[in-house]
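**Q** Generate a structure from the sequence data that follows.
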Amino acid sequence: MLAAIIGLSVLACPVMYFLVGPALDGVQLGTLRVLLIVCGCSTLYCFAVGELTRNNSQMDKLWSLLPEAYMWICAVRGGMSPRLVVMAALATLWGARLTFNFARKGAYSLKFWSGEEDYRWKVLREKKEFRPRWKWLLFDLLFISVYQNLLVLATTLPALISMRSEKPLGALDWVAAVLTLGFIALETVADEQQWAFQTKKKQLLASGKQLNELPLPYMRGFNTTGLWAHSRHPNYFSEQCIWVSMYVFSIAAGSGVFNWSFIGALLLIVLFIGSSSFGEEISSGKYPLYAEYKKKVSRFVPWLSTMEK
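**A** As a prediction, the model looks like this:
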């Protein structure tokens, strides 16, 4: 299944490029080469350091840093046009928020190769599907290092395609900007609510109580308050919407309602479907009440729920 997803993803972008367009001009092709060089260096770093340290969160650390670098490269090489500057500024705001949220979990360290590893990688490594070790090595190379780096680059393709535009900033650009800011704000609220919940739960457990002895909602083990009462993954929902909103800039730039730069947002949605499914598999094994939560609350899109507080 993973090989099929990677294969289809690799084919999707060039197929869409030739079928949908628009074609890249010389400046855009030169910029794409620069972006691919940065992406290639990041890929080699993530794979080499991840294998040497057995910490596979190297790409997780770069996830919030690379998009704004790619977009500022596009902005500079695109003559710092107002549209590209707005896109790069929004990506920088997004990246600063995500970097802060990841940093407070202990992900970064002065020893740049260390730091807290995402717990899901450890769970995944221990699955029988990745025995013997060469299978994990291949997964690390193809999915964690190559695929995720290319995916992050793909999410910024609306900036690359917008470099050729001579259209001034218009109403649709401001719609895209407002939507992007709104979803960044929504994701910030979701992460703050999750951080507050998990911090309080850890404090209660540190007092010597067992999970089933804690008051509601902490005894469930997972957050069901605030935005999390209406969506099981409000942060993932917001993240997907941020990059779909960024795609709207390419429409405003005159590239058509449907163009090949949408591939990044589309593949990100596919990634989050898989990532959320795996995370929920882990949560269902840890928390008996998670099955009830899944029945009552939407996975992504916030609906009114009947989840008790």
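
**Q** check which helix or strand covers the one residue sitting closest to the centre of the chain.
**A** With distances taken as C-alpha atoms, centre = their mean, the residue of the chain nearest its centroid is residue 239 (6.2 Å). Per DSSP states H and E, residue 239 falls inside helix 234-252.

**Q** One more: residue 192?
**A** Counting by DSSP H and E, residue 192 is found in helix 171-206.

**Q** angle of that helix against helix 234-252?
**A** Per axes from the mean of the first three to the mean of the last three C-alpha atoms, to 10 degrees, the angle that helix 171-206 makes with helix 234-252 is 170 degrees.

**Q** Can you name every helix or strand that helix 171-206 contacts?
**A** If you count contacts as 3 or more C-beta pairs under 8 Å, 6 or more residues apart in numbering; DSSP states H and E, helix 171-206 packs onto helix 82-103, helix 234-252. In this view, the C-beta of every residue, glycine as well, is placed from N, C-alpha and C.

**Q** Give me the packing partners of the helix holding residue 239, helices and strands only.
**A** helix 82-103, helix 157-162, helix 171-206, helix 263-286.

**Q** Highest mean neighbour count out of the ones you listed?
**A** helix 157-162 (a mean of 27; mean count of other C-beta atoms under 10 Å).

**Q** Check which helices and strands it sits against.
**A** helix 26-53, helix 66-77, helix 82-103, helix 234-252, helix 263-286.

**Q** what about 10 Å?
**A** If contacts are counted by 3 or more C-beta pairs under 10 Å, 6 or more residues apart in numbering; DSSP states H and E, helix 157-162 sits against helix 2-20, helix 26-53, helix 66-77, helix 82-103, helix 234-252, helix 263-286.

**Q** Nearest to residue 213, out of those?
**A** Closest of these to residue 213 is helix 263-286, at 16.5 Å (criterion: C-beta to C-beta).

**Q** Render the CA-only coordinates of the helix or strand following that closest one in CSV, please.
**A** Counting by DSSP H and E, the element after helix 263-286 in chain order, helix or strand, is helix 290-296. Extracted in CSV, the C-alpha atoms of helix 290-296 (Å, rounded to 0.1, in the frame of the first residue of the first chain):
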residue,chain,number,x,y,z
TYR,A,290,-11.6,6.1,22.8
ALA,A,291,-14.0,3.9,20.8
GLU,A,292,-17.0,5.8,22.1
TYR,A,293,-15.3,9.1,21.3
LYS,A,294,-14.8,7.9,17.7
LYS,A,295,-18.5,7.1,17.3
LYS,A,296,-19.6,10.5,18.6
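
**Q** Mind listing what's buried along helix 290-296?
**A** Across helix 290-296, burial judged by 16 or more other C-beta atoms under 10 Å covers 290, 293.

**Q** And for that helix, what's in contact with it?
**A** Here helix 290-296 makes contact (C-beta atoms under 10 Å, 6 or more residues apart in numbering) with 220-224, 228-229, 232, 280-284, 287, 303, 305-308.

**Q** Mind checking which of those are buried?
**A** 220-224, 228-229, 232, 280, 283, 287, 305, 307.

**Q** coming back round to it: quick one, what contacts the nearest residue to the residue nearest to the centre of the chain once chain neighbours are set aside?
**A** Closest residue to residue 239 apart from its sequence neighbours, by C-beta to C-beta, 6 or more residues apart in numbering: residue 187 at 6.1 Å. When contacts are counted by C-beta under 10 Å, 6+ apart, residue 187 touches 94, 97-98, 101, 227, 234-239, 241-242.

**Q** separation between residue 187 and residue 107?
**A** Between residue 187 and residue 107 the computed distance is 17 Å (C-beta to C-beta, to the nearest Å).

**Q** Would you single out the least confident of the helices and strands packed on helix 234-252?
**A** Lowest mean pLDDT within these: helix 263-286, a mean of 93.
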